[in-house]
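In: Next comes the sequence, and after it the predicted model I'd like to discuss.
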Amino acid sequence: MAPKIALAARVVSLDSEVRSKVGAPALSAGGPRPTLAMHCPASGEVLPECGLLFPAHTMKTRSLLAAATLALSTNGLCAPRQMETLGRGVVAAKPADGKVFISWRLLGTDPDATAFNLYRAAGDGDATRLNAEPIMNSTCFTDDSPPPGQASAYFVKPVLAGRERAASARFTVGANASARPYLSIPLRTPPGYTPNDASVGDLDGDGKYEIVYGACCIDDGGRGLYSTGLGHGDALHLSDIDPDRPGLEVFDIHEKPRHPHGAELHDARTGQILWSQPSPDVGRGVAMDIDPRHRGYEMWAAGAGLNGVWSAKGEQVSERKPRSCNFGVWWDGDLLRELLDRTAISKWNWLDGTETRLLTADGCAANNGTKATPVLCADILGDWREEVIWRSADNQELRLYTTTVPTQHRLRTLMHDPQYRLSVAWQNVGYNQPTQPGFYLGEGMNRPPRPSIVTRPTPH
Ligand SMILES: [Ca+2]
Ligand SMILES: [Ca+2]
Ligand SMILES: [Ca+2]
Ligand SMILES: [Ca+2]
């Protein structure tokens, strides 16, 4: 409300000024609400639908009206923009000259008259103020004589009206810190291992989310949980692939493996391999429920010696496999997932191993060359089934395709399943991989648990 009040005050002020200039009677305190007028730049006439402040019959009046309009725009009718809460961001760097350079933030909410005192605490000693007078003309300082052989902790206190305010967090330069103009954040990267994508889910059911980073898994606290040691792969699927065994499973494939597990399903919590298929090189692999005769997701992969479709138990349930090994989409009325490849959606006919085309997105094009992925496939609108966004072949539009097939199944929006929501994000991380929910979504599924979420009220 504050900007609107300020704006009204400015308008009243200008209104009084303009009225005196043009000889119009002043507005009384209880009079009509002042109104800003819009006028035609060419004729100077006030546009009637915008309200009349007073006749725009002099250039001076028009100038003042323009000033009033400018006041309106510069005072801002919009509410203040929400911004993240930032601290002082004190940082200290140690260049090669033996000095320490310290800088900090002047925040957008700080009054213009804010000054700062900078303090240094060496070792366990008391803090010493480094500046003689509060620092007004900058938000940085060079400490010419940091105590040798001791850690130095730097912090600032804002000074307003001669009074110090709360101290910032401290930034400590170690006693033997190397002289270098950067801060080093060490990473632990498995040597020689570069996964192409990552999936996220609650692998141990404690409500916190782990990251499956190819063959390895990072616990919610950031520590390594396990690695299957099976190496690089171009695709990975995390979900409740086998609903008859507890927890989530990961279907992973491996490029030129030096082991017999070209395509394998493993326990997402422990990394234990549940079954695998050998192949000298596997480039694609997917997991989704396409066959209602076998409970759980089916899997297939593109690699030498890999034929047919496997059930969640690792049994070959079809000698043939879908022509594509790419994306899945919940599109028709059943709970099975349909095949999404290039700019088409197809249905797998599990009885004879053929496919039926359900949708061809004429005039659209797929992305990422041979990966042939859509812009996005997710439960964006409507019921729980997924929409597909493709670009038009001429790049002049994005098209959102939504199903028109009725269904008898009612599920909560998939976007409120936390793993699914994250999978919409992971879909475009690295090599695009389709979404996967944190529960089994397929034929014979149980009612999914109500997601443990809160939402912020928003106007509808
Ligand atoms: Ca967890
Ligand atoms: Ca499972
Ligand atoms: Ca199945
Ligand atoms: Ca379906």
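Out: Received it, and whenever you're ready, just let me know what you need. Numbers count the residues shown, from 1 in each chain. Ligands and ions are numbered 1, 2, ... in the order given.
In: Around ligand 4, pick out the residues from the stretch 151-300 of the chain.
Out: For the stretch 151-300 of the chain, the contact set with ligand 4 under C-beta under 5 Å from the ion is empty. Bear in mind the C-beta positions are built from the backbone N, C-alpha and C, glycine included.
In: now the strands: where do they sit in the stretch 151-300 of the chain?
Out: Secondary structure of the stretch 151-300 of the chain (DSSP state E, counting those that start in this stretch): strands at 152-160, 163-164, 171-173, 199-201, 210-213, 216-218, 224-227, 236-239, 249-253, 263-267, 273-277, 282-288, 298-303.
In: Need the ones you listed in TSV (columns: mean pLDDT and distance to Trp390).
Out: As requested, those are exported to TSV (pLDDT from 0 to 100; distance: least, C-beta to C-beta, whole Å):
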stretch	mean pLDDT	distance to Trp390
strand 152-160	98	52
strand 163-164	98	59
strand 171-173	95	49
strand 199-201	96	24
strand 210-213	95	28
strand 216-218	93	33
strand 224-227	91	37
strand 236-239	97	22
strand 249-253	98	26
strand 263-267	98	29
strand 273-277	98	32
strand 282-288	97	19
strand 298-303	98	23
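In: what's the most buried one of those strands?
Out: Between these, strand 249-253 has the highest mean count of neighbours, a mean of 28, where neighbours are mean count of other C-beta atoms under 10 Å.
In: Can you pull the residues of the chain lying near ligand 3?
Out: For the chain, the residues in contact with ligand 3 (C-beta under 5 Å from the ion) are Asp289, Asp291, His294.
In: List just the one of the strands of the stretch 151-300 of the chain that sits closest to ligand 2.
Out: Among those, the nearest to ligand 2 by C-beta to the ion is strand 249-253 (5.2 Å).
In: how many other residues sit next to Arg323?
Out: Neighbour count of Arg323, defined by other C-beta atoms under 10 Å: 12.
In: Please read the previous query as pertaining to Lys321.
Out: For Lys321, the neighbour count with other C-beta under 10 Å is 22.
In: Same question for Asp234.
Out: If you count neighbours by other C-beta under 10 Å, Asp234 ends up with 21.
In: quick revisit: columns distance to ligand 1 on top of the strands of the stretch 151-300 of the chain, output as TSV?
Out: Formatted as TSV, these follow (distance: least, C-beta to the ion, whole Å):
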stretch	distance to ligand 1
strand 152-160	35
strand 163-164	44
strand 171-173	33
strand 199-201	8
strand 210-213	5
strand 216-218	10
strand 224-227	9
strand 236-239	12
strand 249-253	14
strand 263-267	14
strand 273-277	20
strand 282-288	21
strand 298-303	24
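In: Out of those, the one nearest Ala372 is which?
Out: Proximity to Ala372 (C-beta to C-beta) singles out strand 282-288 among those, at 10.9 Å.
In: Could you list the low-pLDDT ranges of this structure?
Out: Residue ranges of the chain with pLDDT under 70: 1-77, 190, 192, 458-460.
In: Ligand 1 contacts on that one?
Out: Checking the chain against ligand 1 by C-beta under 5 Å from the ion, the hits are Asp202, Asp204, Asp206, Lys208.
In: who's in contact with the closest residue to the second one other than its chain neighbours?
Out: Think Asp204. Spatial nearest neighbour of Asp204, chain neighbours left out: Arg269 (5.1 Å); criterion: C-beta to C-beta, 6 or more residues apart in numbering. Residues in contact with Arg269 (C-beta atoms under 8 Å, 6 or more residues apart in numbering) are Leu203, Asp204, Gly247, Leu248.
In: cool, Leu230 as well?
Out: If a contact means C-beta under 8 Å, 6+ apart, then Leu230 has Ala215, Asp252, His254, Pro257, His259, His261, Glu264 as its contacts.
In: can you tell me which two in those are farthest apart?
Out: Asp252 and His259 (12.1 Å).
In: related to what we said a few turns ago, narrow the residues of the chain next to ligand 3 to those that are buried.
Out: Buried members of the residues of the chain next to ligand 3, counted by 16 or more other C-beta atoms under 10 Å: Asp289, Asp291, His294.
In: before we move on, back to that, need the strands of the stretch 151-300 of the chain in CSV (columns: distance to Thr435).
Out: CSV is the format used below for these (distance: least, C-beta to C-beta, whole Å):
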stretch, distance to Thr435
strand 152-160, 46
strand 163-164, 53
strand 171-173, 41
strand 199-201, 10
strand 210-213, 14
strand 216-218, 19
strand 224-227, 23
strand 236-239, 9
strand 249-253, 14
strand 263-267, 19
strand 273-277, 23
strand 282-288, 10
strand 298-303, 16
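In: Select, out of those, the one closest to Thr343.
Out: Taking C-beta to C-beta, strand 282-288 is the member of the strands of the stretch 151-300 of the chain nearest to Thr343, at 17.8 Å.
In: Please consider this matter closed, and thank you.
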